[in-house]
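Q: with the sequence up front, the predicted model follows.
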Amino acid sequence: MQFKTPITIALSKGRIFKDTLPLLEKIGIHPLDDIKTTRKLILDTNQNNVKLVLIRATDVPTYVQWGAADFGVTGKDVLLEHGGDGLYEPLDLKIAQCQLWVAGYPDADTHVRRLRVASKYVQSARDFFHARGQQIELIKLYGSMELAPIVGLADVIVDLVETGNTLKANGLVPLEFITDISSRLVANKASWKTKHEDCKKFVNALRDVIEQE
Ligand code: AMP
(Lines give C-alpha, C1' and ligand atoms only; values in the text may rest on other atoms or scores of the structure.)
Protein backbone atom coordinates (compact mmCIF):
# COMPACT_ATOMS: atom_id res chain seq x y z
CA MET A 1 0.00 0.00 0.00
CA GLN A 2 1.43 3.37 -1.04
CA PHE A 3 0.29 6.72 0.37
CA LYS A 4 0.55 10.02 -1.50
CA THR A 5 0.50 12.14 1.66
CA PRO A 6 2.19 11.72 5.07
CA ILE A 7 0.02 9.72 7.47
CA THR A 8 0.61 9.58 11.23
CA ILE A 9 -1.09 6.93 13.34
CA ALA A 10 -1.30 7.28 17.15
CA LEU A 11 -1.16 4.08 19.17
CA SER A 12 -0.79 3.32 22.85
CA LYS A 13 1.67 0.76 24.18
CA GLY A 14 0.34 -2.45 25.66
CA ARG A 15 -2.74 -4.41 24.60
CA ILE A 16 -3.79 -2.04 21.76
CA PHE A 17 -0.30 -1.86 20.27
CA LYS A 18 0.08 -5.66 20.43
CA ASP A 19 -3.29 -6.26 18.75
CA THR A 20 -3.04 -3.43 16.18
CA LEU A 21 0.42 -4.29 14.77
CA PRO A 22 -0.74 -7.57 13.16
CA LEU A 23 -3.61 -5.69 11.47
CA LEU A 24 -1.19 -3.06 10.11
CA GLU A 25 1.19 -5.82 9.03
CA LYS A 26 -1.61 -7.42 7.01
CA ILE A 27 -2.10 -4.20 5.03
CA GLY A 28 1.65 -3.91 4.46
CA ILE A 29 2.73 -1.51 7.23
CA HIS A 30 5.30 -2.44 9.89
CA PRO A 31 7.63 -0.40 12.13
CA LEU A 32 11.33 -0.43 11.23
CA ASP A 33 12.50 -0.48 14.87
CA ASP A 34 12.40 -3.47 17.15
CA ILE A 35 9.27 -2.61 19.07
CA LYS A 36 10.30 -4.72 22.07
CA THR A 37 13.46 -2.72 22.76
CA THR A 38 12.98 0.73 21.23
CA ARG A 39 12.43 3.74 23.46
CA LYS A 40 11.49 5.97 20.55
CA LEU A 41 8.09 7.67 20.64
CA ILE A 42 7.92 8.20 16.88
CA LEU A 43 8.49 5.10 14.77
CA ASP A 44 9.27 5.07 11.07
CA THR A 45 7.68 2.29 9.08
CA ASN A 46 8.53 0.45 5.88
CA GLN A 47 6.15 2.91 4.17
CA ASN A 48 7.97 6.22 3.56
CA ASN A 49 4.88 8.26 4.30
CA VAL A 50 3.61 6.41 7.38
CA LYS A 51 4.75 7.09 10.95
CA LEU A 52 3.50 5.68 14.24
CA VAL A 53 3.43 7.77 17.42
CA LEU A 54 3.34 5.98 20.77
CA ILE A 55 1.38 7.78 23.48
CA ARG A 56 -0.85 7.08 26.47
CA ALA A 57 -4.19 5.52 25.56
CA THR A 58 -6.10 8.43 27.11
CA ASP A 59 -4.11 10.93 25.00
CA VAL A 60 -4.91 9.26 21.65
CA PRO A 61 -8.23 11.11 21.05
CA THR A 62 -6.56 14.43 21.93
CA TYR A 63 -3.66 13.94 19.47
CA VAL A 64 -6.10 13.00 16.71
CA GLN A 65 -8.59 15.77 17.57
CA TRP A 66 -5.86 18.42 17.25
CA GLY A 67 -4.39 16.90 14.08
CA ALA A 68 -1.07 15.84 15.64
CA ALA A 69 -2.01 12.42 14.27
CA ASP A 70 -4.29 11.66 11.32
CA PHE A 71 -5.48 8.39 12.80
CA GLY A 72 -5.47 6.75 16.19
CA VAL A 73 -6.48 3.49 17.78
CA THR A 74 -8.09 3.64 21.19
CA GLY A 75 -10.69 1.90 23.34
CA LYS A 76 -14.35 2.88 23.17
CA ASP A 77 -14.06 3.43 26.97
CA VAL A 78 -11.50 6.18 26.32
CA LEU A 79 -13.65 7.70 23.56
CA LEU A 80 -16.73 7.79 25.79
CA GLU A 81 -14.74 9.72 28.42
CA HIS A 82 -13.22 12.07 25.82
CA GLY A 83 -16.55 12.84 24.16
CA GLY A 84 -15.35 12.38 20.56
CA ASP A 85 -15.16 16.07 19.55
CA GLY A 86 -13.29 16.58 16.26
CA LEU A 87 -13.10 12.87 15.56
CA TYR A 88 -14.58 10.43 13.10
CA GLU A 89 -14.85 6.83 14.23
CA PRO A 90 -14.79 4.98 10.90
CA LEU A 91 -14.03 1.46 12.13
CA ASP A 92 -14.56 -0.97 14.99
CA LEU A 93 -11.32 -2.95 14.99
CA LYS A 94 -12.94 -5.66 17.17
CA ILE A 95 -9.77 -5.97 19.27
CA ALA A 96 -9.24 -5.56 23.05
CA GLN A 97 -12.88 -6.53 23.53
CA CYS A 98 -14.40 -6.30 26.98
CA GLN A 99 -17.45 -4.82 28.71
CA LEU A 100 -18.14 -1.92 31.03
CA TRP A 101 -20.02 -2.98 34.19
CA VAL A 102 -21.23 -1.66 37.50
CA ALA A 103 -19.60 -4.07 39.96
CA GLY A 104 -19.54 -4.59 43.72
CA TYR A 105 -20.39 -7.04 46.46
CA PRO A 106 -23.08 -9.58 45.41
CA ASP A 107 -25.60 -8.08 47.86
CA ALA A 108 -25.00 -4.42 46.89
CA ASP A 109 -28.21 -2.44 46.18
CA THR A 110 -27.41 -0.35 43.12
CA HIS A 111 -30.72 1.53 43.14
CA VAL A 112 -30.32 3.46 46.43
CA ARG A 113 -30.38 7.26 46.42
CA ARG A 114 -26.94 8.88 46.41
CA LEU A 115 -25.21 5.60 45.58
CA ARG A 116 -21.46 6.10 45.97
CA VAL A 117 -19.73 5.09 42.73
CA ALA A 118 -15.95 5.00 42.26
CA SER A 119 -14.55 4.91 38.73
CA LYS A 120 -11.94 5.98 36.26
CA TYR A 121 -14.85 6.16 33.77
CA VAL A 122 -16.74 9.04 35.38
CA GLN A 123 -18.50 10.20 32.22
CA SER A 124 -19.82 6.72 31.40
CA ALA A 125 -20.82 6.15 35.04
CA ARG A 126 -22.65 9.49 35.25
CA ASP A 127 -24.44 8.90 31.93
CA PHE A 128 -25.55 5.39 32.94
CA PHE A 129 -27.10 6.37 36.28
CA HIS A 130 -28.47 9.71 35.08
CA ALA A 131 -30.21 7.96 32.18
CA ARG A 132 -32.41 6.23 34.72
CA GLY A 133 -32.82 9.35 36.84
CA GLN A 134 -30.63 8.18 39.70
CA GLN A 135 -28.56 10.65 41.73
CA ILE A 136 -25.10 9.33 42.55
CA GLU A 137 -21.96 10.48 44.33
CA LEU A 138 -19.08 10.01 41.94
CA ILE A 139 -15.50 9.42 43.12
CA LYS A 140 -12.81 9.69 40.44
CA LEU A 141 -10.04 7.07 40.70
CA TYR A 142 -7.15 6.31 38.33
CA GLY A 143 -6.74 2.57 39.00
CA SER A 144 -7.19 -0.38 41.38
CA MET A 145 -10.91 0.37 41.52
CA GLU A 146 -11.70 -3.05 43.03
CA LEU A 147 -10.26 -1.76 46.29
CA ALA A 148 -12.91 0.96 46.69
CA PRO A 149 -15.85 -1.20 47.89
CA ILE A 150 -13.53 -3.31 50.07
CA VAL A 151 -12.22 -0.35 52.07
CA GLY A 152 -15.62 1.37 52.14
CA LEU A 153 -14.65 4.22 49.83
CA ALA A 154 -17.60 3.44 47.52
CA ASP A 155 -20.69 1.21 47.34
CA VAL A 156 -19.89 0.09 43.79
CA ILE A 157 -17.40 0.64 41.00
CA VAL A 158 -17.73 1.09 37.24
CA ASP A 159 -14.93 -0.81 35.53
CA LEU A 160 -13.93 -2.84 32.49
CA VAL A 161 -14.50 -6.58 32.78
CA GLU A 162 -12.98 -9.12 30.45
CA THR A 163 -12.93 -12.53 32.17
CA GLY A 164 -14.28 -11.33 35.52
CA ASN A 165 -11.24 -12.83 37.27
CA THR A 166 -10.04 -9.54 38.78
CA LEU A 167 -13.46 -8.89 40.35
CA LYS A 168 -13.71 -12.47 41.59
CA ALA A 169 -10.24 -12.39 43.15
CA ASN A 170 -11.44 -9.43 45.23
CA GLY A 171 -14.79 -10.93 46.24
CA LEU A 172 -16.75 -8.71 43.82
CA VAL A 173 -19.19 -9.53 41.00
CA PRO A 174 -20.53 -7.75 37.91
CA LEU A 175 -23.91 -6.27 38.87
CA GLU A 176 -25.20 -4.22 35.92
CA PHE A 177 -24.05 -4.28 32.31
CA ILE A 178 -23.35 -0.85 30.83
CA THR A 179 -21.90 -1.39 27.35
CA ASP A 180 -19.64 -3.46 25.08
CA ILE A 181 -16.16 -2.04 24.55
CA SER A 182 -13.60 -2.62 21.79
CA SER A 183 -10.83 -0.67 20.12
CA ARG A 184 -11.83 1.84 17.46
CA LEU A 185 -9.99 3.53 14.64
CA VAL A 186 -10.48 7.28 14.94
CA ALA A 187 -9.63 9.89 12.31
CA ASN A 188 -9.00 13.61 12.41
CA LYS A 189 -11.91 15.36 10.67
CA ALA A 190 -9.69 17.79 8.71
CA SER A 191 -7.32 15.01 7.55
CA TRP A 192 -10.35 13.04 6.42
CA LYS A 193 -11.16 15.89 4.02
CA THR A 194 -7.69 17.05 2.94
CA LYS A 195 -6.14 13.57 2.61
CA HIS A 196 -9.34 11.83 1.64
CA GLU A 197 -7.91 9.44 -0.95
CA ASP A 198 -5.23 8.07 1.39
CA CYS A 199 -7.58 8.00 4.38
CA LYS A 200 -10.22 6.01 2.48
CA LYS A 201 -7.58 3.64 1.14
CA PHE A 202 -6.26 3.00 4.68
CA VAL A 203 -9.71 2.48 6.21
CA ASN A 204 -10.95 0.23 3.39
CA ALA A 205 -7.83 -1.95 3.59
CA LEU A 206 -8.22 -2.32 7.37
CA ARG A 207 -11.94 -3.06 7.00
CA ASP A 208 -11.17 -5.86 4.52
CA VAL A 209 -8.68 -7.39 6.96
CA ILE A 210 -11.14 -7.23 9.88
CA GLU A 211 -13.95 -8.76 7.83
CA GLN A 212 -11.70 -11.68 6.96
CA GLU A 213 -10.70 -12.32 10.63
P1 AMP B 1 -10.59 -9.44 33.85
O2 AMP B 1 -9.96 -9.85 35.17
O3 AMP B 1 -10.19 -10.35 32.72
O4 AMP B 1 -12.07 -9.25 33.96
O5 AMP B 1 -9.97 -8.04 33.45
C6 AMP B 1 -10.29 -6.93 34.22
C7 AMP B 1 -9.10 -6.01 34.35
O8 AMP B 1 -8.44 -5.80 33.13
C9 AMP B 1 -9.59 -4.65 34.85
O10 AMP B 1 -8.62 -4.10 35.70
C11 AMP B 1 -9.73 -3.86 33.57
O12 AMP B 1 -9.53 -2.49 33.80
C13 AMP B 1 -8.69 -4.48 32.64
N14 AMP B 1 -9.17 -4.64 31.26
C15 AMP B 1 -9.94 -5.65 30.80
N16 AMP B 1 -10.17 -5.51 29.49
C17 AMP B 1 -9.55 -4.39 29.10
C18 AMP B 1 -9.41 -3.70 27.86
N19 AMP B 1 -9.95 -4.14 26.73
N20 AMP B 1 -8.68 -2.56 27.84
C21 AMP B 1 -8.11 -2.11 28.96
N22 AMP B 1 -8.20 -2.70 30.17
C23 AMP B 1 -8.90 -3.84 30.25
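A: Now that the structure is in, tell me what you want to look at.

Q: for the chain, which residue occupies the most central location?
A: For the chain, the residue whose C-alpha lies nearest the mean C-alpha position (C-alpha atoms, centre = their mean) is G75; its distance is 1.3 Å.

Q: quick one: that one and T179 touch, right?
A: No - with contact taken as C-beta atoms under 8 Å, G75 and T179 are classed as non-touching, separated by 11.5 Å. Every C-beta, even on glycine, is put in place using the N, C-alpha and C of the backbone.

Q: in which helix or strand would I find L79?
A: Element membership for L79, per DSSP states H and E: helix 76-82.

Q: counting by contacts, list what the helix of greatest length in the chain packs against.
A: Longest among the helix segments of the chain by residue count, using DSSP state H, is helix 196-212. Based on contacts counted as 3 or more C-beta pairs under 8 Å, 6 or more residues apart in numbering; DSSP states H and E, the elements that helix 196-212 packs against are strand 7-12, helix 15-26, strand 87-92, strand 183-188.

Q: what sits up against stretch 4-23?
A: 24, 30-31, 35, 49-57, 59-60, 63-64, 68-75, 93, 95-96, 183, 195, 197-199, 202, 206, 209-210 (C-beta atoms under 8 Å, 6 or more residues apart in numbering).

Q: in that stretch, what's buried?
A: Applying a neighbour-count criterion of 16 or more other C-beta atoms under 10 Å, the buried positions in stretch 4-23 are 7-12, 16-17, 19-21, 23.

Q: on that earlier part again, A169: which of the helices and strands packed on helix 196-212 is closest?
A: Closest to A169 of these is helix 15-26 (C-beta to C-beta; 19.2 Å).

Q: what average pLDDT does stretch 17-26 get?
A: Stretch 17-26 carries an average pLDDT of 95.

Q: what's the answer for stretch 145-152, then?
A: Confidence over stretch 145-152 (mean pLDDT, whole number) is 98.

Q: show me what from this structure comes close to the ligand.
A: If contact is defined as C-beta under 6 Å from any ligand atom, the residues of the chain in contact with the ligand are 15, 75, 96, 98, 159-166.

Q: turn those residues into CSV, columns for secondary structure.
A: Listed next are the residues of the chain next to the ligand as CSV, based on DSSP: H, G, I helix; E, B strand; the rest coil:
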residue, secondary structure
R15, helix
G75, strand
A96, coil
C98, strand
D159, strand
L160, strand
V161, strand
E162, coil
T163, coil
G164, coil
N165, helix
T166, helix
